[in-house]
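S.K.: got a sequence here, can you build the structure:
(3 chains)
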Amino acid sequence: MAPAATSPPAPLLEVSNLEVQFRSRRRTVHAVNGVSFSIREGETVGLVGETGCGKSATVRAVIGLLKPPGRITEGAVRLDGTDLVDLPPRQLRQIRGASIGFVPQNPFGALNPVLRIERQFRNVIRSHRRGRPAEIRRTALAMLDAVGIADPERVLRGYAHELSGGMAQRVVIALAMVLNPRLVVADEPTTGLDLTIQRQILDLIRDLAETEGRSMLLVTHDVGVVAQYCSRVLVMYAGQVVESGPVRKVLTEPAHPYTEALLAAVPRRGERLVGAQGTVPTLLQLPPGCFYYDRCQYRSDPRCATETPALREVGPEHWAAVHYDIGADRPVSPLRAGSAPGSD
Amino acid sequence: MALVTLSGVRKTFRRGRSQVHAVNGVDLHIEPGETLALIGESGSGKSTVGRLALGLLQPDEGTVVVDGHHLEQLDRKALQAARRNMTIVFQEPFQSLDPLMSVGRIIEEPVVIHEPSLTPAERRERVEDTMRRVILDPGLYERRPRELSGGQQQRVGVARAIVTGPKFVVLDEPTSSLDLSVQAGILELLANLQQELDLAYLFISHDIGTVDFFSDRVAVMYLGQVVETGPKAAVLDTPRHPYTEALLSAALSADPTEQPAHISLTGDIPSPTELPEGCFFYSRCGYRGDPRCATENPPLREVTPGHWVATFCDVGSTTPDG
Amino acid sequence: MSRARLLLDRVRPERATTPEGPGRARQALRTLARGALSHKGLTVGFVVIVLILLTGFFAPLPHDPIQPNPESTLKSPDGTFWFGTDRFGFDVFSRVFASARLDLPIALAGTLLSIAVGIPLGLVASNKSRWSERIMRGLDMFQSFPLLVLAFAIVALTGNSLRNIIFAIALVNVPRFIRLVRSEALVLRESRFIEAATAIGASRSRVMLRHVMPNTMGIVLAQASLAAAHAIIVIAGLSFLGIGITPPDASWGVMIRVGSQNIATGQWWVSFFPGAMVFVTIVAFNMVADGVSRLIGRAED
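M.R.: A predicted model of the protein is given here:
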């Protein structure tokens, strides 16, 4: 686990009030609705949430790879003080490759199937600096070695389809790290990989980030990944960050009812499972009050139905978007919660 | 008398010019009303075993007996009739539902096939009862699968599986494509249905957490073989096979205060087109030492009552050196 | 997702045997209409074809299309003869629209016949069996002939009855439907819901007829529109060669043939207007085909 910083250094990445919409002629999907967070130097932050919560759109907006019709309608994404949102595409590409390394979910989608791996390294490196083929080759070999590929020579000569899923993800990580980025963004990097391979890849990403003091944004739907690999966590729901804070705090004493429900849905031996109640808002038309209102078991404050709660500090570095304090009402520890059967 | 028994089952697929040895001598049994979890990684052959257990695939060798029927000996008609008692719930809920059919018609189809004497009104009643049983609003009867959420789609899949009152259901990673909160609802439903209907489950999964929540007994597969099997607590708490031990240690605890030691495996699963000599786990094992490890494939042996493991080494008493 | 699928419900054979309320049918029709409207090309193409058919049969035409006016031959377009007249004194305007009475129904009937033959053969050919091999080899042999020439030869040899023309059109189009249905069925058989149907105990014929076949219908419909466009050309070709529909019956091919002798001398209108009509019809069918395949494409996203 990454050590929590003692004196908070300046944020490397600062996202403020980010809004992303997907507009088509007939409708607008409000995918991200005012997301703010920051990542400090050397810190690993987890972004957790379920399908459709806007975590992918947030990440794509951060790295400047939002696909049309998605676009940033408001807010800023600052890397080292430079706002990336309105940067011309050329400059954005420079920054994206050199300062932000991106590890996507599907490695085979990220590798070009018709180019040799060596060629792909050359393309990445050459787009940011000059280099002779022999020197680039040395760099690539060293990088492949660093990601634990046993026979880097052979991999370099080969094509993506010759690799297993775990190997391909290693190659993608090597490509993402080869320009020595200061921020690594990994979008579900191990979804679809086997358990033992998942651990290897996560360990690898963490080690690569730690040794160079890189910051990392790790997007996942797996609470276990957050618990074991992140120092801070952002919990997203309906396009908003509903809770953020130190992992140990958020996962043991959640301050938002959604986080609590998410944790209660983790299966454990001999305990009842609690499924979700109610429905997720459609994101076509945002509800007037708290986005979680429909599913919330704690709603009581009159503002819940009318006013969208803003993040407020509920503990040291621990923020939650709630109008009330759920700690007082909590029946049992959320990791051991048990209650009525759920539906979806 | 076990409800389901697989003995010495082998299955090889031809892929181009090579042979993929998917299942290499598997023995399993499932008692009425019990859940046997089949854990393994991709390429371990667990899904193939699930299909063999239902006669959706024919074994090259060995026998499959379900509810007294030797599936490999049944002719096509008899096998179709036997499917009333054994079904499957798939991993991908949407892909497993015919996109042109309404929810009601999908759930109704097994009844049409196996109980042709029922009137349309009786069928409709059965379907609506089943929908209520899986906590699906009967008002969704006329909807198409694509109009439902992932969780609802999987409830349709479950309803179709239980509508004829089977005794044995293969659950092929039924929740692995679903969100956590939706998964919770489906797992709970499956657990309740098992109690009400006395179903036997073969629960295929790669997720240790759901297996721990859900099963009675566990079988761990590696490269087409069962390497360890036994009561859930025995296998998950005191694994005796080095692979099981590594697999369990790779599971990520959702509790940040718990950080169990992780035994990292090196390398990938060997290719099923060319089976290794000796123990299939030899190339990745941290315990190998016995001279037989490299030359002989260890058979399952009983280490404690009901707990079987296929090793020459003893994981419980030695420590890994790898 | 699949509006096309809903649309295709109407083609499903077992619907007739299932008791379902009239409200449901109305709802399906509404969804169909909405789906079609959401794709402009599909709507436009469909409306154009329907309009051509309707005017052909029901619209009051200014002159009798098969009654020549011997006193006004080769007149250029004017207030009386909007599209002019040909060398026999036939009114080109009336005949252009009247041609739809023969050309379109023949094209559609030929296409339907080729579908009716192509689907079952395609499904059989998708099974692993002796019959599959035989059908595919037969098809290879059959297709090694130039089919268009074969069709022309058949009509020329057996006589130009409507039945023979329809048969010739079906013959030209059958191979593409067999191959299309076969390849689609081969893909579908690998899909989960087909495995699910087997797993609940459905017989092989039930899997084929209730699950595989209905799911091939979308792509068959798209192909059918293209086939119909092709059929229009075949009919025009037959008529043009004088072995299909013959004067005084109106057909676009016949009209183009009659006018072809006058183009060199400047009477362009006799061939131009039927030619334009063939063009419009083919474009309309292609728009329908394109729209349907787009709807299916979206369905599979």
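
S.K.: immediately after the longest helix belonging to chain A, which helix or strand?
M.R.: Ranked by residue count under DSSP state H, the longest helix found in chain A is helix A:195-211. Counting by DSSP states H and E, the element after helix A:195-211 in chain order, helix or strand, is strand A:215-220.

S.K.: strand partners (parallel or antiparallel) of that following strand?
M.R.: Paired with strand A:215-220 in the same sheet, following DSSP bridges, are strand A:44-48 (parallel), strand A:183-187 (parallel).

S.K.: rounded mean pLDDT for whichever helix or strand comes after the first one, please.
M.R.: Per DSSP H and E, strand A:44-48 leads on to helix A:55-63 as the next helix or strand towards the C-terminus. Predicted confidence along helix A:55-63 averages 90 (mean pLDDT).

S.K.: B:Thr229 in helix, strand or coil?
M.R.: strand (DSSP: H, G, I helix; E, B strand; the rest coil).

S.K.: beta partners for it?
M.R.: Beta-bridge pairing of B:Thr229 under DSSP bridges involves B:Ala219, B:Trp308.

S.K.: avg pLDDT for the longest helix of chain A?
M.R.: On average, helix A:195-211 scores 87.

S.K.: what comes up buried for that helix?
M.R.: A:195-202, A:204-206, A:208-209 (16 or more other C-beta atoms under 10 Å in any protein chain shown). Where you see a C-beta, it was placed from the backbone N, CA and C, and this is true even at glycine.

S.K.: and stretch A:159-177, by the same measure?
M.R.: A:159-160, A:163-177.

S.K.: is chain B within reach of it?
M.R.: Yes - Stretch A:159-177 lies within reach of chain B by C-beta under 8 Å from any C-beta of the partner chain, at A:Ser164, A:Gly165, A:Gly166, A:Met167.

S.K.: which of the residues you listed sits closest to chain C?
M.R.: Closest approach to chain C among these (C-beta to the nearest C-beta): A:Gly165, at 21.1 Å.

S.K.: how many residues are close by the residue nearest to the closest one when sequence neighbours are not counted?
M.R.: Nearest non-adjacent residue to A:Gly165, counting by C-beta to C-beta, 6 or more residues apart in numbering or on different chains: A:Leu193, 5.6 Å away. Residues near A:Leu193, counting by other C-beta atoms under 10 Å in any protein chain shown, number 23.

S.K.: look up which helix or strand A:Leu193 falls in, please.
M.R.: Assessed by DSSP H and E, A:Leu193 sits outside every helix and strand.

S.K.: the buried residues of stretch A:159-177 in helices, which ones?
M.R.: Counted as lying in helices by DSSP H, out of those, are A:165-177.

S.K.: put together CSV for the residues you listed, with pLDDT on each row.
M.R.: Below are these laid out as CSV (pLDDT from 0 to 100):
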residue, pLDDT
A:Gly165, 83
A:Gly166, 84
A:Met167, 87
A:Ala168, 90
A:Gln169, 89
A:Arg170, 89
A:Val171, 92
A:Val172, 91
A:Ile173, 90
A:Ala174, 90
A:Leu175, 90
A:Ala176, 89
A:Met177, 88
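
S.K.: for the stretch 151-300 of chain C, what lies in contact range of chain B?
M.R.: Contact residues (C-beta under 8 Å from any C-beta) of the stretch 151-300 of chain C with chain B: C:191-193, C:195-204, C:206, C:210-211, C:214-215, C:299.

S.K.: re the thing from before, most packed of the strands paired with strand A:215-220?
M.R.: Across the strands paired with strand A:215-220, averaging neighbours per residue (mean count of other C-beta atoms under 10 Å in any protein chain shown) puts strand A:44-48 on top, at a mean of 27.

S.K.: quick one: buried residues of the lowest-mean-pLDDT helix or strand in chain A?
M.R.: Using mean pLDDT, DSSP states H and E, helix A:89-99 stands out as the lowest-scoring helix or strand of chain A, at a mean of 82. Buried residues in helix A:89-99, counted by 16+ other C-beta under 10 Å: A:Leu92, A:Ile95, A:Arg96, A:Gly97, A:Ser99.

S.K.: residues in contact with the residue nearest to A:Gly165?
M.R.: For A:Leu193, the contact set (C-beta atoms under 8 Å, 6 or more residues apart in numbering or on different chains) comprises A:Gly165, A:Gly166, A:Gln169, A:Ile201.
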